[in-house]
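S.K.: could you work out the structure for the sequence below:
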Amino acid sequence: MPTRHVSHVPAALDAVIIGAGVVGAACAYYAGRAGLAVAVVDRGPVAGGTTGAGEGNLLVSDKEPGPELDLALLSTRLWRELAETLPPEAEYEPKGGLVVASDETALTALRAFAAGQRASGVDARELPADRLTDLEPHLAPGLAGGFHYPQDAQVQPAQAAARLLRASGAALLLGEEVTAVLTDRRGAVRGVRTTRGDLHAPAVVNAAGTWGGALAERAGVHLPVLPRRGFVLVTEPLPPRLVRHKVYAADYVADVASGSAALQSSAVVESTPAGPLLIGATRERVGFDRTLSTEALRRLAAQATALFPVLGGVRALRAYHGFRPYLPDHLPAIGPDPRVPGLHHACGHEGAGIGLAPATGLLVAAALCGDQPPLDPRPFRPDRFTAPEGATA
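M.R.: Now for the predicted structure:
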């Protein structure tokens, strides 16, 4: 079990944040900037859940116009600002994304999708088939065309979370599970009970990722967060700029938006500063089953080599997996929960939590301070889901 962090816990806390992943870290960072005294509690280490199993995607390219894209565009700006203050270990790379279409039907759909995004402020640049290799020389021949998204970027997620937490000034309590949310006689939050004692505060932020639903239940409310498993392949170190952007096929966008529980896979190929390529992404709802899926890995390898034939002779050194915190309408739950005064949520981002973390943190900090939010928070209301009969309200 991780040791309890030695940082001093203030006698008077303004908020307790549950979860030391990148979303919890961003909440702590912006709360700290707003002058709030905050403690972050996690039953494991920093980035020990979904964050540590992520690829570090900061994407606008896969989001259709609407609330999530608005959140992503705000986060894109905030990540650029953070990159100026975070140390190099965070590995912020404004590499851009390239989405390719295998045939004219896919390209027509991608063109319509990009047109809607442009109207919302996304920089999406169409490339004909004969220009794709200008950006990615090793792409497979025969593709119909694609779109370049200069706003897409990448970070090293565990390092980003750790650096945000350090910069936040928050007290950090690791290896400490929250067993209850404490409330007063009126039902308002007054802190949390952990395996090592009580922490008192007038606000609690549920940034527990995939376990956000269980944490909400401990607070007496219904939030239907479910785990959605995904695998990533890691190759041997390769020459720099073999793959220059975050590259994926157009069907990845449909997989992100799908609510299917079945295994879905569409290759997302990207380089890392250390040399290995990361190849994702699969999606399936199988609970917290950690069994290695050879079928998922086989699909990823086949789809990656279809995009980049040069990878056919490259070794995959390892694979890892994690669980995305899925909500049925594909939008995160962010902000105050009117059912329990003082309870706030920042979870359910599915595979976009790393990218959406800064805007989420800014929204949560504004709510904690009673300030004007940076964008309309209503689509992310935590109480928008109807509890099943017999479940917690």
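
S.K.: the helix or strand of the chain with the lowest mean pLDDT: what's the following helix or strand?
M.R.: In the chain, no helix or strand scores lower on mean pLDDT, DSSP states H and E than helix 251-257, which sits at a mean of 65. For helix 251-257, the following helix or strand on the C-terminal side (DSSP states H and E) is strand 264-271.

S.K.: packing partners of that next one?
M.R.: Packing partners of strand 264-271 (3 or more Cβ pairs under 8 Å, 6 or more residues apart in numbering; DSSP states H and E): strand 246-249, helix 251-257, strand 277-283, helix 294-307. All C-beta atoms are positioned from the backbone trio N, CA, C, and that covers glycine.

S.K.: so that strand versus strand 277-283, what angle?
M.R.: 160 degrees (axes from the mean of the first three to the mean of the last three Cα atoms, to 10 degrees).

S.K.: partners of Val204 in the sheet?
M.R.: Per DSSP bridges, the residues bridged to Val204 are Val16, Leu343.

S.K.: so what's the backbone phi/psi at Ile18?
M.R.: Phi and psi for Ile18, reported as degrees, to the nearest 10, are phi -100, psi 110.

S.K.: could you check how far it is from Pro273?
M.R.: Computed as Cβ to Cβ, to the nearest Å, the Ile18 to Pro273 distance reads 32 Å.

S.K.: low-scoring stretches of the chain, by residue?
M.R.: Residue ranges of the chain with pLDDT under 70: 1-7, 254-260, 389-393.

S.K.: what about the residue lying farthest from the centre of it, distance to Ser266?
M.R.: In the chain, the residue that sits farthest from the middle, by Cα atoms, centre = their mean, is Arg185; the gap is 35.8 Å. Distance of Arg185 to Ser266, given as Cβ to Cβ: 52 Å.

S.K.: please apply the same query to Val40.
M.R.: Using Cβ to Cβ, Val40 is found at 34 Å from Ser266.

S.K.: so what touches the host helix or strand of Cys27?
M.R.: Counting by DSSP H and E, the element that carries Cys27 is helix 22-33. Contacting residues not belonging to helix 22-33 are listed as 14-15, 17-18, 38, 40, 42, 46-47, 51, 54, 157, 160-162, 164-165, 167-170, 205, 207-209, 346-347, 349, 353-354, 356-358, 360-362, 364-365, 368 [Cβ atoms under 8 Å, 6 or more residues apart in numbering].

S.K.: from those residues, which land in helices?
M.R.: Secondary structure assignment by DSSP state H places 157, 160-162, 164-165, 167-168, 353-354, 356-358, 360-362, 364-365, 368 of these in helices.

S.K.: among those, which ones are buried?
M.R.: Among the ones in helices among the contacts of helix 22-33, those classed as buried by 16 or more other Cβ atoms under 10 Å are 157, 160-162, 164-165, 167-168, 353-354, 356-358, 360-362, 364-365, 368.

S.K.: what about the residue nearest to His349 when sequence neighbours are not counted, how many neighbours?
M.R.: Take His349 and drop its neighbours on the chain: the residue closest to it by Cβ to Cβ, 6 or more residues apart in numbering is Pro332, 4.3 Å away. Look at Pro332: counted by other Cβ atoms under 10 Å, it has 29 neighbours.

S.K.: please enumerate the helices of the stretch 51-200 of the chain.
M.R.: Remark: helices assigned in the stretch 51-200 of the chain by DSSP state H, counting those that start in this stretch are 67-83, 104-119, 132-135, 157-168.

S.K.: ok, Gly191 touching Gly197?
M.R.: No. Between Gly191 and Gly197 there is no contact under Cβ atoms under 8 Å: 10.3 Å.

S.K.: ok, these two, which is more surrounded?
M.R.: The neighbour comparison of Gly191 against Gly197 (other Cβ under 10 Å) goes to Gly191, with 23 against 10.

S.K.: who touches the closest residue to that one other than its chain neighbours in this structure?
M.R.: Using Cβ to Cβ, 6+ apart and skipping the chain neighbours, the partner closest in space to Gly191 is His200 (4.0 Å). Each residue near His200 by Cβ under 8 Å, 6+ apart is listed here: 13, 182, 190-191.

S.K.: farthest pair in those?
M.R.: Farthest apart among the contacts of His200 by Cβ to Cβ are Leu13 and Leu182. That separation is 12.3 Å.

S.K.: find residues that contact each of these two.
M.R.: Listed as contacting both Leu13 and Leu182 by Cβ under 8 Å, 6+ apart are 191, 200.

S.K.: so how far is Ala188 from Gly312?
M.R.: 60 Å.

S.K.: now do Glu91
M.R.: 41 Å.

S.K.: in terms of residue numbering, what are the domains of the protein?
M.R.: Residue ranges of the domains in the chain are recorded as 1-95+152-225+329-393, 97-150+226-326, according to automatic domain parsing.
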